[in-house]
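Colleague: Pasted the sequence and its predicted model underneath.
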Amino acid sequence: MAQERITVLRMLEEGKITVDEATALLDVIEQPDFSEEQQTASSPVQPLKRDPLGQPQPSGASEGDLSGVDLTKMTKMKIHGVTPEFIERIRQLGLTDLSMDKLVEMRIHGVTPDYVLEIRAAGLDPSVNQLIEMRIHGVTPDYVRELQIMGYADLNVPKLVEMRIHGVTPDYIRQMEALGVEGLTLDRLIEMRIHGVDAEYLKSMNKLG
């Protein structure tokens, strides 16, 4: 317990947490433990204790006990904005059993509750890892909706990510349509982009007759 207090004080000194947050952490760390006999006398069946992420704690841990929590990871969560409100909203979306590292990764790449809701409203239901991949490659709700409006209804996450990686944008599709290119399936569009078939190339080829 002494080591946890030192860690909290060091975090405060380095400006990683506020005075109020340090006080709250110290209050939790210094909570007295009750003996097994006292616990049994007060309640034969004790409720399962959980850590700040809602994960089960070892038997005998006091409510809110941080002795088994990696405070370095909690610091990363604080730095990147993984707040209790963020965790609760993510859980309400059915995304549960997420590790501290995964929650930090979501925040780093901008996987917010609003992003999840908008992607689901577009008819997709990605996993957490897919949501992160989509954000990394710029698959936005607007991108998905614009493709749907253009008639590409059968969209899936791997195909959307592949399209973004290779630069298949709505503007590119419109340019190809304006030049009279037909049969613009998603796979064909990706292949064209991979091989550098753009508007300038087609215009130069048309000039040759």
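Modeller: Sure, I can see it.
Colleague: Would you map out the domains in this protein?
Modeller: What automatic domain parsing lists as the domains of the chain is 1-31+63-77, 132-207.
Colleague: For Leu117, give me its contacts.
Modeller: Contact analysis of Leu117 by Cβ atoms under 8 Å, 6 or more residues apart in numbering lists Leu93. Placement of C-beta: from N, CA and C, glycine included.
Colleague: Minimum distance to Leu93: which of the domains of the chain has it?
Modeller: Closest to Leu93 of these is domain 132-207 (Cβ to Cβ; 14.5 Å).
Colleague: Quick one: distance of the closest one to the chain centre.
Modeller: Centroid separation between domain 132-207 and its chain, computed with Cα atoms, centre = their mean, to the nearest Å, is 25 Å.
Colleague: Now do that domain, average pLDDT.
Modeller: For domain 132-207, mean pLDDT rounds to 96.
Colleague: That one: end-to-end distance?
Modeller: Start-to-end span of domain 132-207 (Cα to Cα, to the nearest Å) is 44 Å.
Colleague: Now do the helices in this protein.
Modeller: When assigned using DSSP state H, the helices of the chain occupy the ranges 2-13, 19-29, 36-42, 71-79, 84-92, 100-109, 113-121, 128-136, 141-149, 157-166, 170-178, 186-194, 199-207.
Colleague: So what does the closest residue to Leu189 other than its chain neighbours look like in phi/psi?
Modeller: Sequence neighbours aside, Val168 is the residue nearest to Leu189 in space, at 4.7 Å (criterion: Cβ to Cβ, 6 or more residues apart in numbering). Main-chain dihedrals, Val168, degrees, to the nearest 10: phi -80, psi 100.
Colleague: So Val168 is in contact with Leu186, correct?
Modeller: Yes - using Cβ atoms under 8 Å, Val168 is in contact with Leu186, at 7.5 Å.
Colleague: Among those two, which residue is more densely surrounded?
Modeller: Using other Cβ atoms under 10 Å, the more surrounded residue of Val168 and Leu186 is Val168, with 24 against 18.
Colleague: and that one, what is it in contact with?
Modeller: Val168 is in contact with 186, 189-190, 193, counting by Cβ under 8 Å, 6+ apart.
Colleague: wait, doesn't Leu131 sit right on Lys102?
Modeller: No - using Cβ under 8 Å, Leu131 makes no contact with Lys102, being 10.6 Å away.
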